[in-house]
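*Asks:* just to be clear, the model below is a prediction. Sequence and coordinates:
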Amino acid sequence: MRDHAIGYEDIAEAELVTRRGTFRAVAFRDPVDGNEHMALVRGEPGARDSALVRVHSECMTGDIFGATRCECGDQLGAALDAIVREGAGVLVYLRGHEGRGIGLVAKVRTHILQDEQGLDTVDSATALGLPVDVRDYGPAARVLRHLGIGPVRLMTNNPDKVGALEACGIEVAARVPLLVKASDDNVAYLTAKRDRLGHDLPQLDAFPGARLGEASGSA
Ligand SMILES: Nc1nc2c(ncn2[C@@H]2O[C@H](COP(=O)(O)OP(=O)(O)OP(=O)(O)O)[C@@H](O)[C@H]2O)c(=O)[nH]1
Ligand SMILES: [Zn+2]
């Protein structure tokens, strides 16, 4: 049994062999939000000066079904590969984050507005009277502390996520880009994230149709 000092009542871990490598899978119910989340741990990341960490928001469509309109599934794989390459790190997979916190049904409703009215990922949420991003990173911060992780090198393209984790008490020593290939399927979504949400996505610079503003209004 591991240290339950921060108050996890439901927590269990086992070795998980995956196609990408072997991890320690730590399943836990967050005591505050009540959701079941998962941390995949490789090696001894707490022993490093800074740990390589991915905090991944659930995206059922992209992560499980391989949807190509977003890049979530590719980022999930790329993050695990990076952790395996480094030999140590943590991926925290957060439930309750679907659609940046608005939920799965609402996210699919935003897809309808994107497909039928050409709204982008920001305006489609707003048009439904919903917030653009209401994700709570508290569960990630709590489990990283539980795992003995200090400063992190955070794999993300979203500068706001760095601030959100720091606001939860996680020291972000560096932001590590997690870039996946742009494609005809995801270029509108990626362009909207760059132009509307401030994500750092330099791979778009070389992609036709992704110049500033050009693809807005189509994902
Ligand atoms: N509301 C809404 N949410 C979406 C849409 N497409 C993907 N998402 C959700 O967006 C979340 C991921 O957020 P992103 O903005 O893609 O990326 P991020 O996590 O902020 O940044 P990275 O760390 O770089 O991945 C997932 O929970 C997805 O379910 C969409 O069209 N509308
Ligand atoms: Zn996605």
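*Replies:* Arrived safely. Ligands and ions are numbered 1, 2, ... in the order given.

*Asks:* in space, what's closest to residue 7 - neighbours in sequence excluded?
*Replies:* Closest residue in space to residue 7, ignoring its immediate chain neighbours: residue 31 at 4.9 Å, by C-beta to C-beta, 6 or more residues apart in numbering. Backbone N, C-alpha and C define where each C-beta goes, glycine included.

*Asks:* name the element that neighbour belongs to?
*Replies:* Assigned by DSSP states H and E, residue 31 belongs to neither a helix nor a strand.

*Asks:* quick check on it: phi, psi?
*Replies:* Per-residue torsions, residue 31: phi -70, psi -20 (degrees, to the nearest 10).

*Asks:* now do residue 56
*Replies:* With angles defined as degrees, to the nearest 10, residue 56 shows backbone torsions of phi -110, psi 130.

*Asks:* report the beta-bridge partners for it.
*Replies:* Under DSSP bridges, the beta-bridge partners of residue 56 are residue 93.

*Asks:* do stretch 144-160 and ligand 1 meet at all?
*Replies:* Yes: Stretch 144-160 lies within reach of ligand 1 by C-beta under 6 Å from any ligand atom, at 156-158.

*Asks:* check contacts around the residue nearest to residue 7.
*Replies:* 6-9, 142 (C-beta atoms under 8 Å, 6 or more residues apart in numbering).

*Asks:* hmm, which two among the residues you listed are most spread apart?
*Replies:* Farthest pair in those (C-beta to C-beta) is 9 and 142. Separation: 13.0 Å.

*Asks:* looking at these two, which has the bigger crowd around it?
*Replies:* residue 142 (23 against 8; other C-beta atoms under 10 Å).

*Asks:* and the more buried one, that's in a helix?
*Replies:* Yes: secondary structure of residue 142 (DSSP: H, G, I helix; E, B strand; the rest coil): part of a helix.

*Asks:* that one contacts residue 33, doesn't it?
*Replies:* No: shown here, residue 142 and residue 33 do not form a contact pair, counting by C-beta atoms under 8 Å, at 9.7 Å.

*Asks:* for the closest residue to residue 170 other than its chain neighbours, what are its contacts?
*Replies:* For residue 170, ignoring the flanking residues on the chain, the nearest one in space by C-beta to C-beta, 6+ apart is residue 141 at 5.0 Å. For residue 141, the contacting residues are 165, 168-170, by C-beta under 8 Å, 6+ apart.
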